[in-house]
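Peer 1: One predicted model, sequence on top.
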Amino acid sequence: MSIFTGAGVAIVTPFNSDETINYNKLDELLDYHCTHGTDAIIICGTTGESATMTEEEHMQCVKFAIDRVKGRIPVIAGTGSNCTRTAIDMSKEAADYGADGLLLVTPYYNKATQAGLIGHYTAVAKEAKAPIIMYSVASRTGCNIEPATVAELVKNVDNIVAVKEASGNISQVAKIMALTDGNIDLYSGNDDQIVPMLSLGAKGVISVLSNVAPQETHDICKKFFNGDVKGSAALQLKALPLIEQLFCEVNPIPVKKAMQLMGVECGPLRMPLTEISKEHEQALAKAMKDFGIQLA
């Protein structure tokens, strides 16, 4: 059984003015997503600025999300690291808290061979007793999970059940599904490729767009699964200009600004991320209004 089907939000982490985590606002955001069509919460991922969190902050944030959501929708914890031991420790802790799944990005900076990736994911899965989604995003990590590696891991490790594919390479995605005979839960890691991925058998998307348009992102998936492929594709195409602006600068710079423009104060970005340029802010605001999002 899949961890979730549909649109999971790669949720932002709201900060106070002193850059501490704003748990009151996070509580509001979690409740909002549980009541506005979002199918899963992905906490402490790239969009959540996990790269600038201490391990203590990271795990406190994960526990907070699990406790506040209270099983209304699945909560998936980002627990990846470029250090296998760290990934094991965080993954075990998140599993103990009751995470419905774990999102494990490929090791970054030091990277890994394909044999290293097999060893890394197998080691984490052996000790963390929760379903694991592998996250392939070579544009950020410099490390791609090859389709044959995905197939070997899914075949040989029971709790490695899914892959978040953000390579942008549809041919690679197709090969993954072919080599696994479809026996893997596939999630799009790119909001502009939801429908193409669904057509290859994906279960949904782990989405940045869902932060500002949760119901519409959910509906792209729901319409497809209900057989309304034309309607799903129309929504996907309508969202493309907004998606483009949500990635006009490094994620999550634009999406945090978008939420601010909606009147949702999520606080500052943590360095080295900086505020969006005025030019990009104006283009983002226009794309949001054109999509039908009301600005504050």
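Peer 2: Received it, and whenever you're ready, just let me know what you need.

Peer 1: what packs against the helix or strand hosting Ile66?
Peer 2: Here Ile66 sits within helix 55-69, counting by DSSP states H and E. Using 3 or more CB pairs under 8 Å, 6 or more residues apart in numbering; DSSP states H and E, the elements in contact with helix 55-69 are helix 23-34, strand 40-43, strand 75-78, helix 84-97. Every C-beta, even on glycine, is put in place using the N, C-alpha and C of the backbone.

Peer 1: For it, give the mean pLDDT please.
Peer 2: With pLDDT averaged residue by residue, helix 55-69 scores 98.

Peer 1: tilt between it and helix 23-34?
Peer 2: Orientation note: helix 55-69 sits at an angle of 50 degrees relative to helix 23-34 (axes from the mean of the first three to the mean of the last three CA atoms, to 10 degrees).

Peer 1: related to what we said a few turns ago, I'd like to know which of the helices and strands packed on helix 55-69 is closest to Glu56.
Peer 2: helix 84-97 (10.7 Å; CB to CB).

Peer 1: average pLDDT for the next helix or strand after the closest one?
Peer 2: Per DSSP H and E, the first helix or strand lying C-terminal to helix 84-97 is strand 101-105. In this model, strand 101-105 has an average pLDDT of 98.

Peer 1: Which neighbouring elements make contact with whichever helix or strand comes after strand 101-105?
Peer 2: For strand 101-105, the following helix or strand on the C-terminal side (DSSP H and E) is helix 114-127. The helices and strands touching helix 114-127, judged by 3+ CB pairs under 8 Å, 6+ apart, are helix 84-97, strand 101-105, strand 132-136, helix 147-156.

Peer 1: contacts for helix 114-127?
Peer 2: 84, 87-88, 91-92, 102, 104, 106-107, 112, 132, 134, 143, 145-146, 148-149, 152-153, 156-160 (CB atoms under 8 Å, 6 or more residues apart in numbering).

Peer 1: Out of the helices and strands packed on helix 114-127, which is closest to Gln260?
Peer 2: strand 101-105 (25.7 Å).

Peer 1: quick one: strands adjacent to that closest one?
Peer 2: Sheet pairing of strand 101-105 (DSSP bridges) gives strand 75-78 (parallel), strand 132-136 (parallel).

Peer 1: From the chain's centroid, how far away is it?
Peer 2: Centre-to-centre, strand 101-105 and its host chain are 9 Å apart (CA atoms, centre = their mean, to the nearest Å).

Peer 1: how about Leu29, what does it touch?
Peer 2: 11-12, 14, 264.

Peer 1: Please save the CA atoms from the helix or strand bottoming out on mean pLDDT in the chain in PDB.
Peer 2: The weakest-scoring helix or strand in the chain, judged by mean pLDDT, DSSP states H and E, is helix 138-141 (a mean of 94). Taking only C-alpha atoms (Å, rounded to 0.1, in the frame of the first residue of the first chain), the coordinates of helix 138-141 have been written out as PDB:
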ATOM      1  CA  ALA A 138      21.300  15.300  -9.100                       C
ATOM      2  CA  SER A 139      20.900  19.000  -9.900                       C
ATOM      3  CA  ARG A 140      21.400  19.600  -6.100                       C
ATOM      4  CA  THR A 141      23.400  16.600  -5.000                       C
END
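
Peer 1: That helix: which residues count as buried?
Peer 2: Buried residues in helix 138-141, counted by 16 or more other CB atoms under 10 Å: 138, 141.

Peer 1: Show me what the mean pLDDT comes to for stretch 171-182.
Peer 2: 96.

Peer 1: Please apply the same query to stretch 5-23.
Peer 2: 98.

Peer 1: Quick one: distance of it to the chain centre.
Peer 2: For stretch 5-23, the distance to the chain centre is 12 Å (CA atoms, centre = their mean).

Peer 1: From here on, call the first residue 32.
Peer 2: All set: I'll call the first residue 32, so the last point we hit is now stretch 36-54.

Peer 1: Just the terminal-to-terminal distance for that stretch.
Peer 2: 27 Å (CA to CA, to the nearest Å).
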